[in-house]
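Trainee: Curious how this folds, go ahead:
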Amino acid sequence: MQILFVINELSYFLAHRERLAKDALASGHEVTVASGSCHAADIKALDPNIKLIELDLDKHKFRPFADAKLIYTLIKIVRRLRPDIVHCFTIKPILMGGIATALAKLTGAPSRLVWTFAGLGKIYETSDSPSDKIRRWCVTSALRVVSYVSSAHATFENDEDRASMVARKVVSSDRSLTVMGTGIDLDLFSTADRVEQAEDAPVRILMATRLINAKGVNEYIEAARRFRPDGRARFMLAGIADPTNPDAVEQGAITKAHSDGDIEFLGEVSQRDMTELLPQTDVFCLPTQLKEGLPRSLLEAAACGVALIGSNQQTIATMVIPDKTGWLVDPFDLTSILDAMDDAIHDQKKTARYGWAARQNLENLPVTAEAIWSQFERIYHAPNLTYLRL
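Mentor: Predicted coordinates for the structure are as follows:
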């Protein structure tokens, strides 16, 4: 079986989906990745058994002429490779790759289309402005038509997103599945190397995320600033800069917070670095304002026995269980975040207990890489089902 992954940027693939591709290779399949934003370091890091096709894809902007050319390029790729599976990740590749696969099918190059929604993206946030409603209607209508033509199968990272797209008739319930994240290695991320510290030592709090406003970075920095005089906590921030994103956090604000001693800015941290950093962390904080899929960072933190602070969302609540593994907060209310941090800082025994419970909870969830590959393999081999009714 030949599988074509369509991805917005290669760094995202390496961080979140390379293991899926390697599992496909190990099962005897051929894998090609068509990706935007292919930087030299990422190309060098790519498994040599995975073929790469570079795309001109801007994940942040709608560019009529460039995006039409992108669809045409993808049609040519599908017609040339004739993959058994075209698997698209995140909203723009889902839309563009879906259109291209549907058009290629109409011209005699049938491929099974699989979509993976890691959250529904900003386009499906709750904004009711006329322009956002029009954009949402256009995207939904296009996805519905593509799904009809291609009998698309879709995966989601929480039941709420799945129900939303089934209700919009983008996919049917029997052609969709909730899959818990991207798969993590519970031996690599573990409690075996946890570094405990004295009760009077500062509580180690970490936020690791993309450096965009909607992830709650500014709220985290402000909370750290308020707790600094107390001296009971050490606030660390790790993140990948995204300067092309219109919602990017101002680098000057991070630099100032670091120089003032409010936070320790660690910059971009690799997966290997995270396996060393998380066992030396007491609390992981993600006060995201976005409607998330299933944040990998929370999974990795829980696997390492770290107590969790997360936004009160359905999917996050599967890992952040109040009075057991952590604290659910209102990400738009700084007081809610401060209260959770205050509790974590001033009751360190409870914080440690939450961390161990977070690991135990994770072991009962289907989040391992093996479990994720098993679910996708079932989708890849599933029989074609009846088209949706529009």
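
Trainee: Check the closest residue to R168 other than its chain neighbours and give its pLDDT.
Mentor: Counting by Cβ to Cβ, 6 or more residues apart in numbering, R168 lies nearest to T140, which is 5.4 Å off, once chain neighbours are set aside. Using the backbone N, CA and C atoms, a C-beta is placed for each residue, glycine as well. At T140, the pLDDT value in this model is 92.

Trainee: Also V114?
Mentor: pLDDT, read off for V114, is 95.

Trainee: is it fair to say the residue nearest to R168 lies in a strand?
Mentor: No. Counting by DSSP: H, G, I helix; E, B strand; the rest coil, T140 is not found in a strand; it is helix.

Trainee: That one and A167 touch, don't they?
Mentor: No. Between T140 and A167 there is no contact under Cβ atoms under 8 Å: 10.6 Å.

Trainee: still on that earlier bit, tally of neighbours for the residue nearest to R168?
Mentor: 16 (other Cβ atoms under 10 Å).

Trainee: so which helix or strand takes in W356?
Mentor: helix 348-362 (DSSP states H and E).

Trainee: counting contacts, what elements does that helix pack onto?
Mentor: Other elements packing on helix 348-362 under the criterion 3 or more Cβ pairs under 8 Å, 6 or more residues apart in numbering; DSSP states H and E are helix 296-303, strand 307-311, helix 334-346.

Trainee: For the stretch 201-350 of the chain, which segments count as helices?
Mentor: 217-227, 251-260, 271-277, 296-303, 334-346, 348-362 (DSSP state H, counting those that start in this stretch).

Trainee: try the stretch 51-200 of the chain
Mentor: 64-81, 91-106, 130-150, 159-167.

Trainee: The longest one to helix 91-106, inter-axis angle?
Mentor: Which is helix 130-150. 40 degrees (axes from the mean of the first three to the mean of the last three Cα atoms, to 10 degrees).

Trainee: Residues in contact with helix 130-150: which ones?
Mentor: 91, 94-95, 98-99, 101-102, 105-106, 112-113, 123-125, 152, 154, 168-171, 175, 387-388, 390 (Cβ atoms under 8 Å, 6 or more residues apart in numbering).

Trainee: Please spell out the ChimeraX selection for the buried subset of the residues you listed.
Mentor: Selection command for ChimeraX covering only the buried members of the contacts of helix 130-150, criterion 16 or more other Cβ atoms under 10 Å:
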select :91,94,95,98,99,101,102,105,112,113,124,152,154,170,171,175,388
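
Trainee: one step back: can you name every helix or strand that whatever helix or strand comes next after the helix holding W356 contacts?
Mentor: Counting by DSSP H and E, the element after helix 348-362 in chain order, helix or strand, is helix 369-380. If contacts are counted by 3+ Cβ pairs under 8 Å, 6+ apart, helix 369-380 sits against helix 18-26, strand 112-117, strand 153-156.

Trainee: how about those, which one is nearest Q280?
Mentor: helix 18-26 (24.2 Å; Cβ to Cβ).

Trainee: what's the angle from the very next helix or strand once past that closest one to helix 18-26?
Mentor: Next helix or strand after helix 18-26 toward the C-terminus (DSSP H and E): strand 30-35. Relative orientation of strand 30-35 versus helix 18-26 (the same axes, to 10 degrees): 150 degrees.

Trainee: CA atoms only for the next helix or strand along the chain from strand 30-35, dumped as PDB, please.
Mentor: Moving toward the C-terminus from strand 30-35, the next helix or strand (DSSP H and E) is helix 40-45. Provided in PDB are the C-alpha atoms of helix 40-45 (Å, rounded to 0.1, in the frame of the first residue of the first chain):
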ATOM      1  CA  ALA A  40      17.000  22.400   5.700                       C
ATOM      2  CA  ALA A  41      17.300  21.100   9.200                       C
ATOM      3  CA  ASP A  42      13.900  19.300   9.000                       C
ATOM      4  CA  ILE A  43      14.800  17.800   5.700                       C
ATOM      5  CA  LYS A  44      18.000  16.500   7.200                       C
ATOM      6  CA  ALA A  45      16.100  15.000  10.200                       C
END
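
Trainee: Show me how far helix 40-45 is from its chain's centre.
Mentor: 21 Å (Cα atoms, centre = their mean, to the nearest Å).

Trainee: Any idea how many residues pack against L14?
Mentor: 22.

Trainee: Just list the residues touching it, thanks.
Mentor: With the criterion set at Cβ under 8 Å, 6+ apart, L14 makes contact with 42, 45-46.

Trainee: Return the most buried member of the helices and strands packed on helix 348-362.
Mentor: strand 307-311 (a mean of 28; mean count of other Cβ atoms under 10 Å).

Trainee: Next up, the contacts around S164.
Mentor: Taking Cβ under 8 Å, 6+ apart, one finds 120, 124 in contact with S164.

Trainee: circling back to that earlier point, so can I have CSV of the helices of the stretch 201-350 of the chain showing mean pLDDT and distance to R210?
Mentor: Converted to CSV, the helices of the stretch 201-350 of the chain look like this (pLDDT from 0 to 100; distance: least, Cβ to Cβ, whole Å):
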stretch, mean pLDDT, distance to R210
helix 217-227, 96, 9
helix 251-260, 93, 13
helix 271-277, 89, 14
helix 296-303, 94, 10
helix 334-346, 96, 18
helix 348-362, 95, 22
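
Trainee: low-confidence ranges in the chain?
Mentor: 60-61, 126-127, 383-390 (pLDDT under 70).

Trainee: isn't G36 right up against L55?
Mentor: Yes. Under the criterion of Cβ under 8 Å, G36 makes contact with L55 at 4.8 Å.

Trainee: More neighbours: those two, which one.
Mentor: L55 (23 against 20).

Trainee: give me phi/psi at the more buried one?
Mentor: Phi and psi for L55, reported as degrees, to the nearest 10, are phi -120, psi 150.

Trainee: Show the contacting residues for it.
Mentor: So L55 contacts 6, 34-36, 70, 73-74 (Cβ under 8 Å, 6+ apart).

Trainee: which of those tops the neighbour count?
Mentor: That'd be V6 among the contacts of L55, by other Cβ under 10 Å, with 29 neighbours.
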